[in-house]
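*Asks:* A structural model of the following input is requested.
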Amino acid sequence: MIIGTAGHIDHGKTTLVRALTGVDTDRLKEAKARGISIELGYAYAPLPAEDGQGGAEAGVLGIIDVPGHERFVHTMAAGASGIDHVLLVVAADDGVMPQTREHLAIALLFGIAAGTVALTKADRADAARIAAARAEVAALLAGTALEGAPVFETAVAPDGTARGVDALREHLFAAARRWRQRRADGLFRLAVDRVFTLAGHGTVVTGTVFGGRVAVGDAPLHSASGRAVRVRSLHAGNRPADSGAAGERVALNLAGIDRDAITRGDWIADARVLQPAHRIDARLRLLADAPALGAWTPVHLHLGAAHRQAHVVPLQGDHLAPGGEARAQIVVEGEAPVFVVAGDRLILRNAQGTRTLGGGTVLDPLAPERRRRSAERMRWLDALDTLVDTGDAQALLAAAPAGLTRSALARLLGRWPAAQWKGAGDVPAFDLGDDTLWLAPAAWAAVRERIVQTLERHHARAPDEPGLGSARLQRMAFPAEAGAVQPRGWQAWLDRLVADGTLARTGAWLHLPDHRVTLGAAEQALYARLHPLLAAGGNDPPWVRNLARATGAREDAVRELLRKQARAGALHQVVKDLFYPAARIAALAQTVADLAAAGDGTVEARAFRDAVQLGRKRAIQILEFFDRVGYTRRVGDAHLVRPHTRWTDEGPATGAAP
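*Replies:* This next block holds a predicted model:
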């Protein structure tokens, strides 16, 4: 369990932590000289097993000591973001003071629901004053998650003798033994709150593990640079360990990155959960004494250990009311993103950084700039609310017309979900190789219907065309969802519809199974004369004008018939009026692949010209055709077969050969 102190300046937080643990958390000379804490401090105490039998230990109790001065509330927020239990420190002679209230508000806004009150400096107050201080604390906590929290009177003399500290320590130990460890099945995330260099070891970062586990030898990513870093060694709870888990204070000795590249607020995390965010939709709650927040109100944003400037845009109404709760979009200033997952807590302070306004819970880390108040968007946020509160993603799937990938759900949950969808009913799943796309049954039925109806309309308008290409079909069926439909998901949908007989594929064209492009009797007779001439031409088939001359047909009739057959996939038009049979193009594509495999992976026009025994101009025309259809791409004066691309009866295709 991690405990965090909270309270006004000079109420004895650091002195109390030293009495509890024997550790002086003021490590900076400046702090000692000024007599006040200005940075986060860290202390650890061995947690005795129940009844302390045989000196056995049940773990380690970690304490984060925060500065109490109002100028360092941003530092306090960075430390409070990862604690489990708040130790509210109130001096008996002063009672409740401004930073007592603000620190408590921040702890509650972070969702901390367990706490203890230490009434310090009890030796400086008489019985009446102590009773008054207790009453002030009770009034302050009334109606909050900490109402009824136990209060311990303590006093620490300059010579170190203490009163009430042993009882407080035993209470905290008992609370730590009862504490339920955070679930460690998530993806690893460490919020960096301190970075330094250790002689002989290099870069070290410390922070609270927000999710998952980390072990020596792991290679997580540094959020700001995107660089993989290797964990050389680690400490958990201030002790050498092989691994650290969610809820623990961890120090990581990192290889592959300099100390200057890391700052407080960065994350060391599993790559699958790191997603840069500039716009965050959140559920916010303003404090009762905060001013109303209108559109584009400037604020200071605290997320994890990060501190950024941002603007608030209400999503429900024109403003956020004091004491109220509503959704809002938070737009982060600057080019550097923040890194969050759904369910993360945040704090907002005013533009001057002098008072806390409220806080809330992240719903969507990838919020849109446009249509952010639309009915569809509100349904999506309703579903995210359910996901954050209950962990149930069923409503989220129902609100995703283009489906939900396993990787996207992992970034929202902060953990890798099961391979099989957990929920009621049979949920269609589409294998994307390294990912899975799930679609609600109703959404899949709607997708199927839109694709079929699009092809029905196209066949009715253009009965002489063989169908639609994949990209054009997607644009026509989903014109408003171009960015929502994932390319790999779209291909998986088409493959499923072709496999179950809903669609048919001829060459590069998709069409309904009963749609046929038929040639009239005259066209059939003409094509029967044209095709042998094209086939006999080999790598150098005749041009349209020569075909017309050879058959005695009109040139425009020959051109239109060959274009019709090209649309049907029987021919390929390399340049205007030059058509190749599909089988010949497949042979030429294989020649390109063979030349590429025999060399450095590229094919120059000279080598291709010699291999197919054509002139340079024609060789270049064919290679440029392959570039145009996506089989190759131009690299300088050469042509590179695109990775994982092969030529099929339908043209170029990606993926492994069947």
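*Asks:* Quick check: phi and psi at residue 81.
*Replies:* In terms of degrees, to the nearest 10, the main-chain angles of residue 81 are phi -60, psi -20.
*Asks:* In this structure it contacts residue 302, no?
*Replies:* Yes - taking contacts as Cβ atoms under 8 Å, residue 81 lies within contact range of residue 302: 7.1 Å. Where C-beta positions appear, they are placed from N, C-alpha and C, glycine not excepted.
*Asks:* what residue ranges in the stretch 351-500 of the chain score low on pLDDT?
*Replies:* 423-425, 481-483 (pLDDT under 70).
*Asks:* need the contact list for residue 611.
*Replies:* Residue 611 sits next to 591, 595 when contact means Cβ atoms under 8 Å, 6 or more residues apart in numbering.
*Asks:* Would you agree residue 512 is in contact with residue 453?
*Replies:* No - if you go by Cβ under 8 Å, residue 512 and residue 453 don't touch, sitting 10.4 Å apart.
*Asks:* ok, the two, which is more surrounded?
*Replies:* residue 512 (16 against 11; other Cβ atoms under 10 Å).
*Asks:* Residue 446 is in contact with residue 400, isn't it?
*Replies:* No - assessed by Cβ under 8 Å, residue 446 is found out of contact with residue 400, at 11.6 Å.
*Asks:* When those two are compared, which one has more neighbours?
*Replies:* Higher neighbour count among residue 446 and residue 400: residue 400, with 22 against 13, using other Cβ under 10 Å.
*Asks:* Assign the more buried one to helix, strand or coil.
*Replies:* coil (DSSP: H, G, I helix; E, B strand; the rest coil).
*Asks:* in its sheet, what does the helix or strand containing residue 88 sit against?
*Replies:* In this assignment (DSSP states H and E), residue 88 forms part of strand 85-91. Partners of strand 85-91 in the sheet, by DSSP bridges, are strand 2-6 (parallel), strand 115-120 (parallel).
*Asks:* Go through that strand and flag the buried ones.
*Replies:* 85, 86, 87, 88, 89, 90, 91 (16 or more other Cβ atoms under 10 Å).
*Asks:* now those residues in TSV, with pLDDT and distance to residue 75?
*Replies:* Formatted as TSV, the buried residues of strand 85-91 follow (pLDDT from 0 to 100; distance: Cβ to Cβ, whole Å):
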residue	pLDDT	distance to residue 75
85	95	19
86	95	16
87	96	17
88	97	18
89	96	16
90	97	20
91	96	20
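*Asks:* Mind putting these into a markdown table with distance to residue 46?
*Replies:* What follows is the buried residues of strand 85-91, written out as a markdown table (distance: Cβ to Cβ, whole Å):
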| residue | distance to residue 46 |
| --- | --- |
| 85 | 17 |
| 86 | 22 |
| 87 | 18 |
| 88 | 24 |
| 89 | 22 |
| 90 | 27 |
| 91 | 29 |
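*Asks:* Now do the same contact list for residue 258.
*Replies:* residue 203.
*Asks:* heads up, I number from 46, so please use that
*Replies:* In the new count, where the first residue is 46, that last one comes out as residue 303.
*Asks:* Pull up the gap between it and residue 350, please.
*Replies:* Computed as Cβ to Cβ, to the nearest Å, the residue 303 to residue 350 distance reads 19 Å.
*Asks:* what does residue 419 give?
*Replies:* 34 Å.
*Asks:* Same check on residue 150?
*Replies:* In terms of Cβ to Cβ, residue 150 sits 19 Å off from residue 350.
*Asks:* swap in residue 463?
*Replies:* Taken as Cβ to Cβ, the span from residue 463 to residue 350 is 31 Å.
*Asks:* The two: which has the busier surroundings?
*Replies:* residue 350 (26 against 7).
*Asks:* Could you pull out the buried residues of the longest helix anywhere in the chain?
*Replies:* In the chain, assigned by DSSP state H, the helix with the most residues is helix 486-506. Within helix 486-506, the residues that count as buried by 16+ other Cβ under 10 Å are 488, 489, 492, 493, 496, 499, 500, 503, 504.
*Asks:* same check, this time on stretch 614-625
*Replies:* Quick answer for stretch 614-625 (16+ other Cβ under 10 Å): 614, 615, 616, 617, 618, 619, 622, 623, 624, 625.
*Asks:* Tabulate the residues you listed (a markdown table), appending distance to residue 600, secondary structure and pLDDT.
*Replies:* Converted to a markdown table, the buried residues of stretch 614-625 look like this (distance: Cβ to Cβ, whole Å; DSSP: H, G, I helix; E, B strand; the rest coil; pLDDT from 0 to 100):
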| residue | distance to residue 600 | secondary structure | pLDDT |
| --- | --- | --- | --- |
| 614 | 23 | coil | 80 |
| 615 | 20 | coil | 87 |
| 616 | 17 | strand | 91 |
| 617 | 20 | strand | 93 |
| 618 | 15 | strand | 94 |
| 619 | 18 | strand | 95 |
| 622 | 9 | coil | 96 |
| 623 | 14 | strand | 97 |
| 624 | 13 | strand | 97 |
| 625 | 19 | strand | 96 |
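*Asks:* Taking those residues together, which two end up most distant?
*Replies:* Spatial extent of the buried residues of stretch 614-625 (Cβ to Cβ) is set by the pair 614 and 622 at 19.0 Å.
*Asks:* ok, which stretches of the stretch 396-545 of the chain are strands?
*Replies:* 401-409, 449-450, 474-476, 481-483 (DSSP state E, counting those that start in this stretch).
*Asks:* neighbouring contacts of stretch 281-295?
*Replies:* Contacts of stretch 281-295 (Cβ under 8 Å, 6+ apart): 46-47, 87, 89, 104-105, 107, 109, 129, 226-229, 231, 235, 251-261, 278-280, 296-297.
*Asks:* switch to 6 Å and redo it
*Replies:* 89, 105, 107, 226-227, 229, 253-254, 256, 258-261, 279 (Cβ atoms under 6 Å, 6 or more residues apart in numbering).
*Asks:* Pull out the buried members of those.
*Replies:* 89, 105, 107, 227, 229, 253, 254, 256, 258, 259, 261, 279.
*Asks:* Out of these, which is nearest to residue 192?
*Replies:* Nearest member of these to residue 192, counting by Cβ to Cβ, is residue 227, at 23.9 Å.
*Asks:* got a list of what that closest one touches?
*Replies:* Going by Cβ under 6 Å, 6+ apart, the list of residues near residue 227 reads 291, 292.
*Asks:* Phi, psi for it please.
*Replies:* Torsion angles, degrees, to the nearest 10, at residue 227: phi -60, psi 150.
*Asks:* what does residue 530 give?
*Replies:* The phi/psi pair for residue 530 (degrees, to the nearest 10) is phi -80, psi 120.
*Asks:* after the helix or strand containing residue 236 comes which helix or strand?
*Replies:* For residue 236, the element it lies in under DSSP H and E is strand 234-243. Next helix or strand after strand 234-243 toward the C-terminus (DSSP H and E): strand 247-256.
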